[in-house]
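[1] Sequence plus predicted model, see below.
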Amino acid sequence: MKNCCRDGECQIDVLGYIDGSGDGFGGWGRKFVRYVEGPQVLIDAYREMLDTVPKLSLPPTLHFVRGGGSFWVRGHIVIDLDQVDSITSELWGEHGADLTAIIRNFLRARRGKQISAHLFMWIAVAGRIIAHELGHALDHAGFGSPYPDNPEHAADWFAARLDATRGKSRLVGEYVFWAVGCRELVCDFHGRPRTRLMIYRRGYLKAA
């Protein structure tokens, strides 16, 4: 994969199969996206994830874009911040009060840095997407999961284990994976909301 320009809208030349979680893109081809600078908190979160999988010899490079969906392709993870905004807004609009209570209780128990619940949720959504895409890399590298025939289920499983290992909130993660479940009449490898939630829960509890 390479970036054909330095600023503005850029073409990604794909050297392998793209799994396009979020926008339905899948296959060999090209996408046009706008590269942006990633928030340091997400870069740090990704490094923390990699610290939990030292046997991953060639970790993917993390990129941030606006538009085009989030995806993994061999050697690269691309995170669409527009997608993060959309998922966060949807969750906050439907479950803001419940999530605020969960987040406040979590921060109180952890005695962590106090930040707004909405910002916490935005970071949480982005972190789960990063973890899911890293899960694809772990699956491809042969780390092994209970879902050898479904790469999306495997990626959800690995994301849950990455969360559990780093002490992230299981309840917040379940909301995120419910939100990104497939609601189409016919779904591909991406599971429906309850399926993705349950795979995440099983993976988290297995690792906790």
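    Structure received. Residues are numbered from 1 along each chain as shown.

[2] where along the chain do the helices fall?
    Assigned by DSSP state H, the chain shows helices spanning 40-51, 81-110, 117-140, 151-165, 170-179, 193-207.

[3] in the second one, what's buried?
    Put plainly, it is helix 81-110. For helix 81-110, burial by neighbour count (16 or more other C-beta atoms under 10 Å) applies to 81-84, 87-88, 91-92, 99-100, 102-103, 106-107. (Each C-beta comes from the backbone N, C-alpha and C, glycine too.)

[4] tilt between that helix and helix 117-140?
    Helix 81-110 and helix 117-140 are oriented at 110 degrees to each other (axes from the mean of the first three to the mean of the last three C-alpha atoms, to 10 degrees).

[5] Mean neighbour count, the helices of the chain: which tops it?
    Of all those, helix 151-165 has the most neighbours on average by mean count of other C-beta atoms under 10 Å, namely a mean of 25.

[6] In terms of secondary structure, what does that helix contact?
    Applying 3 or more C-beta pairs under 8 Å, 6 or more residues apart in numbering; DSSP states H and E, one finds that helix 151-165 makes contact with strand 18-21, helix 117-140, helix 170-179, helix 193-207.

[7] one step back: same list, the helices of the chain, but as TSV with mean pLDDT please.
    Shown next, in TSV, are the helices of the chain (pLDDT from 0 to 100):
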stretch	mean pLDDT
helix 40-51	97
helix 81-110	96
helix 117-140	97
helix 151-165	97
helix 170-179	98
helix 193-207	96
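
[8] Now distance to Gly68 too, for those helices, in JSON lines please.
    Below are the helices of the chain laid out as JSON lines (distance: least, C-beta to C-beta, whole Å):
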{"stretch": "helix 40-51", "distance to Gly68": "17"}
{"stretch": "helix 81-110", "distance to Gly68": "8"}
{"stretch": "helix 117-140", "distance to Gly68": "13"}
{"stretch": "helix 151-165", "distance to Gly68": "18"}
{"stretch": "helix 170-179", "distance to Gly68": "19"}
{"stretch": "helix 193-207", "distance to Gly68": "22"}
